[in-house]
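Asker: mind folding the following:
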Amino acid sequence: MDPIETNRLVLRNFRSADAPGLYAYLKEPGASCFLSMKLDDMDAAEAEVENRSRSDDCIAVCLKDSGELIGDLFAVPEGDTFAVGWNFNGDFSGCGFASEAARALFAYLFSVKGARRLYAYVEDHNRASRRLCERLGMRQEGLFLEYVSFIKDDNGEPIFENTMQYAILRKEWRQSDDRLQDHPPCNKPA
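Answerer: The predicted structure follows:
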């Protein structure tokens, strides 16, 4: 994909230099849905970055000023619909980077890729992702009770989580796009 620039970020394909940044947030995934992507060491991170670099579905999110990888997005095409999602390094939370990156991705998918509909799955206890979906103008379409299991209890039995589905149509995006506000500047040290 061609890089997408925002005020503070660059969205682009993964590169080999992204391995340390990816390892920083996948050595201890913050959301249970990413536990299967846990990286044990830098060799695993290098292999994962190599794998991701071959797909336009996996998008690296980097700080524009330094080029540092701070998270990633995905957009998996299903005809005129895309499954979307995000995973960010917790050290950069509270700065609006996820909102900024996701807004840019949504605009790209709707205007360049001709998407009609975008949807995301979010575990019901993941409040940060639920708020992000709502800030992006997505609406909750459903709640799937005991939908998926990412971990097991002490007896080896799966612990099932409730999953919410959020979605937005291109016509809804166009209506909400002017109401989406930029996040204030981040005061955290980079």
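
Asker: which parts of this structure are helices?
Answerer: Using DSSP state H, the helices of the chain run over 19-26, 42-53, 97-111, 127-135, 170-176.

Asker: output the contacting helices and strands for the fourth one.
Answerer: Right, the one you point to is helix 127-135. helix 97-111, strand 117-123, strand 158-169 (3 or more CB pairs under 8 Å, 6 or more residues apart in numbering; DSSP states H and E). Heads up, the C-betas are built off the backbone N, CA and C, glycines and all.

Asker: now the angle from the shortest one to helix 127-135?
Answerer: To tie it back to what came earlier, the one meant is strand 117-123. 160 degrees (axes from the mean of the first three to the mean of the last three CA atoms, to 10 degrees).

Asker: neighbouring strands - and their directions - for strand 117-123?
Answerer: Partner strands for strand 117-123, per DSSP bridges, with pairing direction: strand 81-88 (parallel), strand 158-169 (antiparallel).

Asker: hey, least reliable of those by pLDDT?
Answerer: Among the strands paired with strand 117-123, strand 158-169 carries the lowest mean pLDDT, a mean of 93.

Asker: what sits up against that one?
Answerer: The list of residues contacting strand 158-169 from outside it, by CB atoms under 8 Å, 6 or more residues apart in numbering, reads 32, 106, 116-125, 130, 133-134, 136-153, 176.

Asker: swap in stretch 46-53?
Answerer: Contacts for stretch 46-53 (CB under 8 Å, 6+ apart): 13-16, 18-19, 22, 26, 37, 39, 58, 60, 72.

Asker: buried sites along that stretch?
Answerer: Buried residues in stretch 46-53, counted by 16 or more other CB atoms under 10 Å: 46, 48, 49, 52.

Asker: quick one: low-confidence ranges for this protein?
Answerer: The chain contains residues with pLDDT under 70 at 32-33, 35, 177-190.
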